[in-house]
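Q: how would this look folded up:
(one chain, ligands or ions: 2)
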Amino acid sequence: MIKQFQPGLENVIASETNISYLDVENEEIVLRGYDLIKLAKSVTYLDIIGLMLDGYLPTEEQREDLEQELKANYGVPHEVITILQLLSKQTHLMDALRTGISALAGYDEDLENRTRAANRRKAIRLLAKVPQIVANSYRATMNLEPIEPRQDLSYSANFLYMITGQVPTAIEEHVFDQSLIVYSEHEMPNSTFTARVIASTQADLYGALTGAVASLKGTLHGGANEAVMRMLLEVQSEDEIEPLIVGKLARKERIMGFGHRVYMNKPDPRAMLMKEALLPLAEAKNELSLYRMCVIGEEVMKREKGLYPNLDYYAAPVYYLLGIPIDLFTPVFLAARTVGVSAHVIEQHENNRLFRPRVLYNGPRGLQV
Ligand SMILES: CC(=O)SCCNC(=O)CCNC(=O)[C@H](O)C(C)(C)COP(=O)(O)OP(=O)(O)OC[C@H]1O[C@@H](n2cnc3c(N)ncnc32)[C@H](O)[C@@H]1OP(=O)(O)O
Ligand SMILES: O=C([O-])CC(=O)C(=O)O
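A: Ligands and ions are numbered 1, 2, ... in the order given. Just a heads-up that it's a prediction; the model follows:
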(Lines give C-alpha, C1' and ligand atoms only; values in the text may rest on other atoms or scores of the structure.)
(Ligands and ions follow the chains in the order given, each with its own letter.)
Protein backbone atom coordinates (compact mmCIF):
# COMPACT_ATOMS: atom_id res chain seq x y z
CA MET A 1 0.00 0.00 0.00
CA ILE A 2 1.24 3.54 -0.81
CA LYS A 3 1.51 5.15 2.63
CA GLN A 4 2.35 8.71 1.55
CA PHE A 5 -0.35 11.29 2.32
CA GLN A 6 -0.61 14.30 0.03
CA PRO A 7 -3.02 16.93 1.44
CA GLY A 8 -5.48 18.08 -1.21
CA LEU A 9 -4.04 15.34 -3.48
CA GLU A 10 -1.66 18.04 -4.71
CA ASN A 11 0.26 16.82 -7.77
CA VAL A 12 -1.15 13.30 -7.38
CA ILE A 13 -1.98 11.59 -10.70
CA ALA A 14 -5.63 10.58 -10.29
CA SER A 15 -6.40 9.39 -13.79
CA GLU A 16 -5.14 8.57 -17.24
CA THR A 17 -6.80 10.64 -19.94
CA ASN A 18 -6.78 11.53 -23.64
CA ILE A 19 -8.82 14.66 -23.07
CA SER A 20 -6.58 17.43 -21.76
CA TYR A 21 -3.37 18.31 -19.95
CA LEU A 22 -1.97 21.46 -18.34
CA ASP A 23 1.59 21.81 -19.64
CA VAL A 24 2.52 24.53 -17.17
CA GLU A 25 6.18 24.65 -18.16
CA ASN A 26 5.31 25.53 -21.77
CA GLU A 27 2.27 27.60 -20.73
CA GLU A 28 -0.01 25.44 -22.87
CA ILE A 29 -3.40 23.92 -22.12
CA VAL A 30 -3.55 20.85 -24.34
CA LEU A 31 -7.02 19.84 -25.51
CA ARG A 32 -6.99 16.57 -27.43
CA GLY A 33 -3.65 17.62 -28.91
CA TYR A 34 -4.56 21.25 -29.66
CA ASP A 35 -3.59 24.39 -27.76
CA LEU A 36 -6.77 25.67 -26.07
CA ILE A 37 -5.86 29.33 -26.60
CA LYS A 38 -5.23 28.80 -30.32
CA LEU A 39 -8.55 26.98 -30.54
CA ALA A 40 -10.31 29.89 -28.80
CA LYS A 41 -8.83 32.24 -31.41
CA SER A 42 -9.83 30.16 -34.41
CA VAL A 43 -12.86 27.92 -33.83
CA THR A 44 -16.23 28.19 -32.09
CA TYR A 45 -17.65 26.51 -28.99
CA LEU A 46 -19.62 24.22 -31.30
CA ASP A 47 -16.31 22.86 -32.65
CA ILE A 48 -15.16 22.29 -29.07
CA ILE A 49 -18.28 20.24 -28.40
CA GLY A 50 -17.36 18.05 -31.40
CA LEU A 51 -13.71 17.85 -30.32
CA MET A 52 -14.58 16.91 -26.75
CA LEU A 53 -17.32 14.39 -27.48
CA ASP A 54 -16.05 12.84 -30.73
CA GLY A 55 -12.31 13.32 -30.35
CA TYR A 56 -11.72 15.41 -33.51
CA LEU A 57 -12.58 18.87 -34.83
CA PRO A 58 -15.70 18.62 -37.00
CA THR A 59 -15.67 19.43 -40.71
CA GLU A 60 -18.08 22.14 -41.84
CA GLU A 61 -20.70 19.54 -42.67
CA GLN A 62 -20.22 17.73 -39.36
CA ARG A 63 -20.48 21.06 -37.51
CA GLU A 64 -23.81 21.77 -39.19
CA ASP A 65 -25.07 18.30 -38.25
CA LEU A 66 -23.91 18.85 -34.67
CA GLU A 67 -25.72 22.18 -34.51
CA GLN A 68 -28.90 20.55 -35.80
CA GLU A 69 -28.53 17.74 -33.28
CA LEU A 70 -28.23 20.26 -30.45
CA LYS A 71 -31.12 22.37 -31.67
CA ALA A 72 -33.31 19.27 -32.05
CA ASN A 73 -32.74 18.70 -28.32
CA TYR A 74 -33.53 22.28 -27.22
CA GLY A 75 -36.43 22.60 -24.81
CA VAL A 76 -36.74 21.74 -21.13
CA PRO A 77 -39.80 19.83 -19.83
CA HIS A 78 -42.27 22.32 -18.38
CA GLU A 79 -42.28 20.35 -15.09
CA VAL A 80 -38.58 21.15 -14.68
CA ILE A 81 -39.24 24.85 -15.31
CA THR A 82 -42.05 24.65 -12.72
CA ILE A 83 -39.62 23.13 -10.19
CA LEU A 84 -37.31 26.12 -10.75
CA GLN A 85 -40.25 28.47 -10.22
CA LEU A 86 -41.24 26.70 -6.98
CA LEU A 87 -37.80 27.11 -5.40
CA SER A 88 -37.35 29.77 -2.73
CA LYS A 89 -36.50 33.14 -4.30
CA GLN A 90 -33.38 33.14 -2.10
CA THR A 91 -32.05 29.96 -3.73
CA HIS A 92 -28.46 30.31 -4.91
CA LEU A 93 -28.51 29.88 -8.68
CA MET A 94 -25.92 27.09 -8.53
CA ASP A 95 -28.31 25.23 -6.21
CA ALA A 96 -31.16 25.88 -8.66
CA LEU A 97 -28.99 24.60 -11.51
CA ARG A 98 -28.04 21.52 -9.50
CA THR A 99 -31.75 20.86 -8.87
CA GLY A 100 -32.69 21.45 -12.52
CA ILE A 101 -30.01 19.10 -13.88
CA SER A 102 -30.96 16.48 -11.32
CA ALA A 103 -34.65 16.74 -12.30
CA LEU A 104 -33.79 16.40 -16.02
CA ALA A 105 -32.45 12.88 -15.38
CA GLY A 106 -35.97 11.52 -15.08
CA TYR A 107 -36.72 12.46 -18.70
CA ASP A 108 -33.72 10.74 -20.31
CA GLU A 109 -34.56 7.46 -21.95
CA ASP A 110 -30.86 6.48 -22.04
CA LEU A 111 -30.27 7.16 -18.34
CA GLU A 112 -29.09 3.69 -17.35
CA ASN A 113 -27.21 3.00 -20.59
CA ARG A 114 -23.48 3.67 -20.17
CA THR A 115 -22.26 2.87 -23.68
CA ARG A 116 -20.27 5.60 -25.42
CA ALA A 117 -23.13 6.27 -27.89
CA ALA A 118 -25.74 6.59 -25.11
CA ASN A 119 -23.47 8.77 -22.98
CA ARG A 120 -22.85 11.00 -26.00
CA ARG A 121 -26.60 11.37 -26.54
CA LYS A 122 -27.00 12.32 -22.88
CA ALA A 123 -24.20 14.87 -23.18
CA ILE A 124 -25.86 16.44 -26.24
CA ARG A 125 -29.19 16.63 -24.41
CA LEU A 126 -27.52 18.27 -21.44
CA LEU A 127 -25.64 20.74 -23.62
CA ALA A 128 -28.92 21.62 -25.33
CA LYS A 129 -30.87 22.07 -22.10
CA VAL A 130 -28.46 23.39 -19.45
CA PRO A 131 -28.32 26.95 -20.90
CA GLN A 132 -32.12 27.12 -20.74
CA ILE A 133 -32.07 25.97 -17.10
CA VAL A 134 -29.37 28.54 -16.32
CA ALA A 135 -31.39 31.39 -17.87
CA ASN A 136 -34.72 30.31 -16.43
CA SER A 137 -33.43 29.74 -12.90
CA TYR A 138 -32.54 33.43 -12.85
CA ARG A 139 -35.84 34.45 -14.45
CA ALA A 140 -37.72 32.40 -11.85
CA THR A 141 -36.08 34.30 -8.98
CA MET A 142 -36.98 37.58 -10.72
CA ASN A 143 -40.62 36.51 -11.34
CA LEU A 144 -40.06 36.77 -15.10
CA GLU A 145 -41.84 34.56 -17.61
CA PRO A 146 -39.75 31.57 -18.77
CA ILE A 147 -37.79 32.13 -21.95
CA GLU A 148 -37.60 29.67 -24.87
CA PRO A 149 -34.49 29.05 -26.97
CA ARG A 150 -34.31 30.52 -30.49
CA GLN A 151 -33.47 28.18 -33.34
CA ASP A 152 -32.43 31.02 -35.65
CA LEU A 153 -29.45 32.02 -33.46
CA SER A 154 -26.11 30.26 -33.06
CA TYR A 155 -25.65 28.11 -29.93
CA SER A 156 -23.71 30.84 -28.08
CA ALA A 157 -25.87 33.73 -29.31
CA ASN A 158 -28.99 31.88 -28.17
CA PHE A 159 -27.47 31.20 -24.74
CA LEU A 160 -26.63 34.87 -24.24
CA TYR A 161 -30.00 35.92 -25.65
CA MET A 162 -31.81 33.69 -23.12
CA ILE A 163 -29.84 35.30 -20.28
CA THR A 164 -30.18 38.95 -21.26
CA GLY A 165 -33.35 38.88 -23.37
CA GLN A 166 -31.44 40.74 -26.12
CA VAL A 167 -29.93 39.32 -29.30
CA PRO A 168 -26.19 39.93 -28.86
CA THR A 169 -24.11 42.03 -31.23
CA ALA A 170 -21.40 40.28 -33.26
CA ILE A 171 -18.65 41.32 -30.80
CA GLU A 172 -20.73 40.22 -27.80
CA GLU A 173 -21.44 36.86 -29.40
CA HIS A 174 -17.77 36.35 -30.27
CA VAL A 175 -16.46 37.23 -26.80
CA PHE A 176 -19.10 35.09 -25.10
CA ASP A 177 -18.28 32.16 -27.39
CA GLN A 178 -14.57 32.55 -26.57
CA SER A 179 -15.38 32.56 -22.85
CA LEU A 180 -17.33 29.31 -23.25
CA ILE A 181 -14.30 27.79 -24.99
CA VAL A 182 -11.83 28.78 -22.30
CA TYR A 183 -14.20 27.51 -19.61
CA SER A 184 -14.97 24.27 -21.50
CA GLU A 185 -12.31 21.94 -20.09
CA HIS A 186 -9.34 22.11 -17.73
CA GLU A 187 -7.91 18.66 -17.00
CA MET A 188 -8.62 17.57 -13.40
CA PRO A 189 -10.13 20.43 -11.37
CA ASN A 190 -12.12 19.57 -8.26
CA SER A 191 -15.45 19.50 -10.14
CA THR A 192 -14.22 17.13 -12.88
CA PHE A 193 -12.57 14.91 -10.29
CA THR A 194 -15.87 14.87 -8.37
CA ALA A 195 -17.72 13.85 -11.54
CA ARG A 196 -15.22 11.07 -12.30
CA VAL A 197 -15.41 9.77 -8.74
CA ILE A 198 -19.21 9.63 -9.00
CA ALA A 199 -19.10 8.06 -12.48
CA SER A 200 -16.66 5.40 -11.25
CA THR A 201 -19.50 3.76 -9.28
CA GLN A 202 -21.29 3.35 -12.65
CA ALA A 203 -23.55 6.26 -11.68
CA ASP A 204 -24.95 8.17 -14.66
CA LEU A 205 -23.86 11.42 -16.31
CA TYR A 206 -26.67 13.44 -14.70
CA GLY A 207 -25.54 12.39 -11.21
CA ALA A 208 -21.91 13.08 -12.04
CA LEU A 209 -22.73 16.53 -13.45
CA THR A 210 -24.95 17.33 -10.47
CA GLY A 211 -21.98 16.57 -8.21
CA ALA A 212 -19.76 18.77 -10.37
CA VAL A 213 -22.22 21.67 -9.94
CA ALA A 214 -22.01 21.32 -6.16
CA SER A 215 -18.22 21.36 -6.36
CA LEU A 216 -18.03 24.29 -8.75
CA LYS A 217 -20.16 26.48 -6.51
CA GLY A 218 -17.35 26.93 -3.98
CA THR A 219 -15.37 30.18 -4.02
CA LEU A 220 -12.04 28.35 -4.17
CA HIS A 221 -13.26 27.05 -7.54
CA GLY A 222 -15.93 28.42 -9.94
CA GLY A 223 -17.65 30.64 -7.39
CA ALA A 224 -14.64 32.94 -7.59
CA ASN A 225 -15.87 34.67 -10.77
CA GLU A 226 -18.90 36.09 -8.93
CA ALA A 227 -16.74 37.08 -5.93
CA VAL A 228 -14.31 38.91 -8.26
CA MET A 229 -17.08 41.05 -9.71
CA ARG A 230 -18.50 41.87 -6.28
CA MET A 231 -15.01 42.99 -5.23
CA LEU A 232 -14.56 45.16 -8.34
CA LEU A 233 -17.91 46.80 -7.64
CA GLU A 234 -16.83 47.70 -4.10
CA VAL A 235 -14.78 50.55 -5.57
CA GLN A 236 -16.00 53.64 -7.37
CA SER A 237 -12.82 54.64 -9.19
CA GLU A 238 -9.48 53.35 -10.42
CA ASP A 239 -7.54 54.86 -7.47
CA GLU A 240 -9.52 52.82 -4.97
CA ILE A 241 -8.61 49.34 -6.19
CA GLU A 242 -5.02 49.34 -4.87
CA PRO A 243 -5.93 50.31 -1.25
CA LEU A 244 -8.82 47.84 -1.35
CA ILE A 245 -6.56 44.92 -2.28
CA VAL A 246 -3.71 45.96 0.01
CA GLY A 247 -6.21 46.28 2.89
CA LYS A 248 -7.68 42.85 2.23
CA LEU A 249 -4.22 41.30 2.10
CA ALA A 250 -3.29 43.01 5.38
CA ARG A 251 -6.35 41.37 6.93
CA LYS A 252 -5.15 38.03 5.48
CA GLU A 253 -8.13 37.83 3.15
CA ARG A 254 -7.84 35.95 -0.13
CA ILE A 255 -8.26 37.98 -3.27
CA MET A 256 -10.61 36.07 -5.50
CA GLY A 257 -9.45 35.42 -9.06
CA PHE A 258 -5.78 35.07 -8.11
CA GLY A 259 -3.62 32.00 -7.61
CA HIS A 260 -4.11 28.49 -8.90
CA ARG A 261 -3.17 25.05 -7.59
CA VAL A 262 -1.51 24.05 -10.85
CA TYR A 263 -0.24 27.31 -12.35
CA MET A 264 1.17 28.44 -8.98
CA ASN A 265 3.44 31.32 -9.95
CA LYS A 266 2.76 31.31 -13.68
CA PRO A 267 0.01 33.11 -15.57
CA ASP A 268 -3.18 31.25 -16.47
CA PRO A 269 -3.19 31.51 -20.30
CA ARG A 270 -7.00 31.68 -20.29
CA ALA A 271 -6.96 34.79 -18.08
CA MET A 272 -4.67 36.51 -20.57
CA LEU A 273 -7.06 35.69 -23.43
CA MET A 274 -10.03 37.10 -21.50
CA LYS A 275 -7.97 40.19 -20.68
CA GLU A 276 -7.39 40.64 -24.44
CA ALA A 277 -11.11 40.19 -25.07
CA LEU A 278 -12.06 42.63 -22.31
CA LEU A 279 -10.30 45.62 -23.87
CA PRO A 280 -12.37 45.98 -27.09
CA LEU A 281 -15.52 45.12 -25.17
CA ALA A 282 -14.79 47.82 -22.58
CA GLU A 283 -14.05 50.28 -25.41
CA ALA A 284 -17.31 49.42 -27.17
CA LYS A 285 -19.25 49.87 -23.92
CA ASN A 286 -17.43 53.02 -22.80
CA GLU A 287 -16.21 51.21 -19.69
CA LEU A 288 -12.46 51.56 -20.06
CA SER A 289 -12.07 52.41 -16.38
CA LEU A 290 -13.24 48.88 -15.48
CA TYR A 291 -10.50 47.47 -17.72
CA ARG A 292 -7.88 49.76 -16.17
CA MET A 293 -9.06 48.85 -12.66
CA CYS A 294 -8.53 45.15 -13.44
CA VAL A 295 -5.05 45.82 -14.78
CA ILE A 296 -4.14 47.77 -11.63
CA GLY A 297 -5.46 44.89 -9.50
CA GLU A 298 -3.32 42.47 -11.48
CA GLU A 299 -0.20 44.63 -10.98
CA VAL A 300 -0.85 45.04 -7.24
CA MET A 301 -1.23 41.28 -6.72
CA LYS A 302 1.96 40.57 -8.68
CA ARG A 303 3.86 43.11 -6.59
CA GLU A 304 2.37 42.20 -3.18
CA LYS A 305 2.06 38.41 -3.46
CA GLY A 306 3.75 37.33 -6.69
CA LEU A 307 0.35 35.92 -7.74
CA TYR A 308 -1.16 35.96 -11.24
CA PRO A 309 -4.84 36.19 -12.18
CA ASN A 310 -6.70 33.01 -13.01
CA LEU A 311 -9.46 32.79 -15.63
CA ASP A 312 -12.17 33.93 -13.19
CA TYR A 313 -10.48 37.31 -12.68
CA TYR A 314 -10.88 38.48 -16.27
CA ALA A 315 -13.98 36.44 -17.13
CA ALA A 316 -15.90 38.33 -14.42
CA PRO A 317 -15.67 41.85 -15.97
CA VAL A 318 -16.25 40.33 -19.42
CA TYR A 319 -19.51 38.76 -18.21
CA TYR A 320 -20.48 41.97 -16.45
CA LEU A 321 -20.07 43.99 -19.64
CA LEU A 322 -22.02 41.37 -21.57
CA GLY A 323 -24.96 42.16 -19.29
CA ILE A 324 -24.92 38.80 -17.49
CA PRO A 325 -26.28 39.08 -13.92
CA ILE A 326 -23.51 38.37 -11.41
CA ASP A 327 -25.48 35.50 -9.85
CA LEU A 328 -25.28 33.72 -13.20
CA PHE A 329 -21.48 33.91 -13.66
CA THR A 330 -20.82 30.52 -12.03
CA PRO A 331 -23.83 28.80 -13.65
CA VAL A 332 -22.52 29.98 -17.05
CA PHE A 333 -19.11 28.52 -16.16
CA LEU A 334 -20.83 25.20 -15.40
CA ALA A 335 -22.81 25.32 -18.66
CA ALA A 336 -19.54 25.78 -20.57
CA ARG A 337 -17.84 23.01 -18.53
CA THR A 338 -20.70 20.55 -19.19
CA VAL A 339 -18.89 19.39 -22.32
CA GLY A 340 -15.59 18.78 -20.49
CA VAL A 341 -17.26 16.95 -17.62
CA SER A 342 -19.26 14.85 -20.11
CA ALA A 343 -16.08 13.85 -21.96
CA HIS A 344 -14.51 12.78 -18.66
CA VAL A 345 -17.56 10.74 -17.63
CA ILE A 346 -17.58 9.02 -21.03
CA GLU A 347 -13.88 8.23 -20.61
CA GLN A 348 -14.38 7.02 -17.04
CA HIS A 349 -17.20 4.69 -18.03
CA GLU A 350 -15.17 3.33 -20.94
CA ASN A 351 -12.16 2.44 -18.82
CA ASN A 352 -13.45 2.26 -15.30
CA ARG A 353 -11.87 1.49 -11.98
CA LEU A 354 -13.84 2.40 -8.84
CA PHE A 355 -12.24 5.29 -6.90
CA ARG A 356 -11.72 4.05 -3.36
CA PRO A 357 -8.63 5.51 -1.66
CA ARG A 358 -7.47 4.88 1.92
CA VAL A 359 -6.83 7.18 4.93
CA LEU A 360 -4.06 8.01 7.33
CA TYR A 361 -5.91 7.31 10.59
CA ASN A 362 -4.97 9.70 13.43
CA GLY A 363 -7.86 8.86 15.78
CA PRO A 364 -7.85 6.83 18.98
CA ARG A 365 -7.87 3.00 19.21
CA GLY A 366 -8.95 0.54 21.80
CA LEU A 367 -11.70 2.57 23.50
CA GLN A 368 -14.07 0.40 25.54
CA VAL A 369 -17.88 0.77 25.36
C1 LIG B 1 -11.38 28.76 -12.68
C2 LIG B 1 -11.00 28.38 -11.29
O3 LIG B 1 -11.68 27.66 -10.61
S4 LIG B 1 -9.50 28.94 -10.78
C5 LIG B 1 -9.60 29.08 -9.01
C6 LIG B 1 -10.56 30.17 -8.62
N7 LIG B 1 -10.45 30.45 -7.20
C8 LIG B 1 -9.96 31.61 -6.74
O9 LIG B 1 -9.60 32.51 -7.46
C10 LIG B 1 -9.93 31.75 -5.24
C11 LIG B 1 -8.67 32.47 -4.77
N12 LIG B 1 -7.51 31.62 -4.89
C13 LIG B 1 -7.20 30.68 -3.94
O14 LIG B 1 -7.84 30.58 -2.89
C15 LIG B 1 -6.03 29.76 -4.21
O16 LIG B 1 -5.07 30.39 -5.02
C17 LIG B 1 -6.47 28.42 -4.82
C18 LIG B 1 -7.50 27.73 -3.94
C19 LIG B 1 -7.08 28.63 -6.20
C20 LIG B 1 -5.26 27.52 -4.97
O21 LIG B 1 -4.82 27.31 -3.70
P22 LIG B 1 -3.71 26.31 -3.21
O23 LIG B 1 -3.01 25.62 -4.30
O24 LIG B 1 -4.34 25.43 -2.21
O25 LIG B 1 -2.67 27.32 -2.60
P26 LIG B 1 -2.61 27.75 -1.09
O27 LIG B 1 -3.97 27.98 -0.54
O28 LIG B 1 -1.75 26.73 -0.40
O29 LIG B 1 -1.85 29.12 -1.19
C30 LIG B 1 -0.43 29.27 -1.24
C31 LIG B 1 -0.07 30.64 -0.70
O32 LIG B 1 -0.55 31.65 -1.56
C33 LIG B 1 -1.51 32.47 -0.91
N34 LIG B 1 -2.63 32.69 -1.80
C35 LIG B 1 -3.06 31.85 -2.75
N36 LIG B 1 -4.08 32.40 -3.42
C37 LIG B 1 -4.28 33.61 -2.85
C38 LIG B 1 -5.20 34.64 -3.10
N39 LIG B 1 -6.11 34.52 -4.06
N40 LIG B 1 -5.14 35.75 -2.34
C41 LIG B 1 -4.23 35.87 -1.38
N42 LIG B 1 -3.31 34.92 -1.09
C43 LIG B 1 -3.36 33.80 -1.82
C44 LIG B 1 -1.94 31.68 0.33
O45 LIG B 1 -2.36 32.49 1.38
C46 LIG B 1 -0.67 30.96 0.65
O47 LIG B 1 0.21 31.86 1.28
P48 LIG B 1 1.07 31.42 2.54
O49 LIG B 1 1.93 30.31 2.04
O50 LIG B 1 1.78 32.67 2.90
O51 LIG B 1 0.04 30.97 3.53
O1 LIG C 1 -8.08 23.67 -12.73
C2 LIG C 1 -8.57 24.04 -11.66
O3 LIG C 1 -8.23 23.56 -10.55
C4 LIG C 1 -9.60 25.10 -11.63
C5 LIG C 1 -9.77 25.77 -12.93
O6 LIG C 1 -9.00 26.62 -13.31
C7 LIG C 1 -10.86 25.34 -13.78
O8 LIG C 1 -11.61 24.42 -13.42
O9 LIG C 1 -11.02 25.91 -14.87
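
Q: ok, which stretches of the stretch 51-200 of the chain are helices?
A: In the stretch 51-200 of the chain, the helices defined using DSSP state H, counting those that start in this stretch lie at 60-72, 78-86, 93-104, 116-141, 155-164, 170-183, 190-199.

Q: save the ones you listed as JSON lines, and put in mean neighbour count, mean pLDDT and distance to Gly297 too.
A: In short, each C-beta sits where N, CA and C put it, glycine included. Shown next, in JSON lines, are those (neighbours: other Cβ atoms under 10 Å; pLDDT from 0 to 100; distance: least, Cβ to Cβ, whole Å):
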{"stretch": "helix 60-72", "mean neighbour count": "14", "mean pLDDT": "98", "distance to Gly297": "37"}
{"stretch": "helix 78-86", "mean neighbour count": "16", "mean pLDDT": "98", "distance to Gly297": "35"}
{"stretch": "helix 93-104", "mean neighbour count": "23", "mean pLDDT": "98", "distance to Gly297": "25"}
{"stretch": "helix 116-141", "mean neighbour count": "22", "mean pLDDT": "98", "distance to Gly297": "27"}
{"stretch": "helix 155-164", "mean neighbour count": "23", "mean pLDDT": "98", "distance to Gly297": "26"}
{"stretch": "helix 170-183", "mean neighbour count": "22", "mean pLDDT": "98", "distance to Gly297": "19"}
{"stretch": "helix 190-199", "mean neighbour count": "23", "mean pLDDT": "98", "distance to Gly297": "25"}
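
Q: of all those helices, which one comes closest to Ala271?
A: helix 170-183 (8.7 Å; Cβ to Cβ).

Q: and the closest one, what does it pack onto?
A: Applying 3 or more Cβ pairs under 8 Å, 6 or more residues apart in numbering; DSSP states H and E, we find helix 170-183 packed against helix 36-42, helix 45-54, helix 155-164, helix 269-284, helix 311-321, helix 329-350.

Q: so the fifth one, near ligand 1 or not?
A: Right, helix 311-321. Yes - interface with ligand 1: helix 311-321 contributes Leu311, Asp312 (Cβ under 6 Å from any ligand atom).

Q: do the same with the first one
A: No - counting by Cβ under 6 Å from any ligand atom, no contacts exist between helix 36-42 and ligand 1, the nearest distance being 13.0 Å.

Q: quick revisit: can I get the helices of the stretch 51-200 of the chain in a markdown table with distance to ligand 2?
A: Listed next are the helices of the stretch 51-200 of the chain as a markdown table, based on distance: least, Cβ to the nearest ligand atom, whole Å:
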| stretch | distance to ligand 2 |
| --- | --- |
| helix 60-72 | 23 |
| helix 78-86 | 25 |
| helix 93-104 | 14 |
| helix 116-141 | 17 |
| helix 155-164 | 18 |
| helix 170-183 | 7 |
| helix 190-199 | 6 |
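
Q: turn those into a markdown table, including distance to Arg358.
A: Below are those laid out as a markdown table (distance: least, Cβ to Cβ, whole Å):
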| stretch | distance to Arg358 |
| --- | --- |
| helix 60-72 | 42 |
| helix 78-86 | 39 |
| helix 93-104 | 29 |
| helix 116-141 | 30 |
| helix 155-164 | 43 |
| helix 170-183 | 34 |
| helix 190-199 | 15 |
